[in-house]
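Trainee: no sequence on this one, just coordinates:
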């Protein structure tokens, strides 16, 4: 069964003359909007980092992070040998 599938695939690949033919045969629809590529990128990296950090503090994740570091250090200290 596998051999017949491989033979069918190789026969099909020989018959494909161009990649657009292959894409049409397997019905791939690529959602690519080329109008996006001509727009200048506006990246505010510092603002994004500041908003992420403020969210990190506001939601209390900073305390969970610090408690996890402390408990992890204590666990490693008490369970390591030597």
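Mentor: Sure, I can see it. Everything quoted here is computed from the prediction, not taken from an experiment.
Trainee: And the helices in the protein?
Mentor: 2-15, 19-25, 45-58, 61-79 (DSSP state H).
Trainee: Give the rounded mean pLDDT of the first one.
Mentor: For helix 2-15, mean pLDDT is 65.
Trainee: try stretch 53-60
Mentor: 96.
Trainee: who touches it?
Mentor: residue 62 (Cβ atoms under 8 Å, 6 or more residues apart in numbering). The C-beta positions use only the backbone N, C-alpha and C, and glycine is treated the same way.
Trainee: If you count neighbours, what's buried in that stretch?
Mentor: Judged by neighbour count using 16 or more other Cβ atoms under 10 Å, stretch 53-60 contains no buried positions.
Trainee: same question, stretch 66-78
Mentor: Buried residues in stretch 66-78 (16+ other Cβ under 10 Å): none.
Trainee: wait, what's in contact with residue 45?
Mentor: So residue 45 contacts nothing (Cβ under 8 Å, 6+ apart).
Trainee: quick one: it and residue 79, what's the gap?
Mentor: Per Cβ to Cβ, to the nearest Å, residue 45 is found 40 Å from residue 79.
Trainee: same question, residue 43
Mentor: 44 Å.
Trainee: likewise residue 67?
Mentor: For residue 67, the distance to residue 79 - Cβ to Cβ - is 18 Å.
Trainee: Equivalent analysis for residue 57, please.
Mentor: Taking Cβ to Cβ, one finds residue 57 at 31 Å from residue 79.
Trainee: tell me the domain ranges of the protein?
Mentor: Per automatic domain parsing, the structural domains of the chain span 2-32, 45-79.
Trainee: mean confidence for stretch 64-77?
Mentor: 96.
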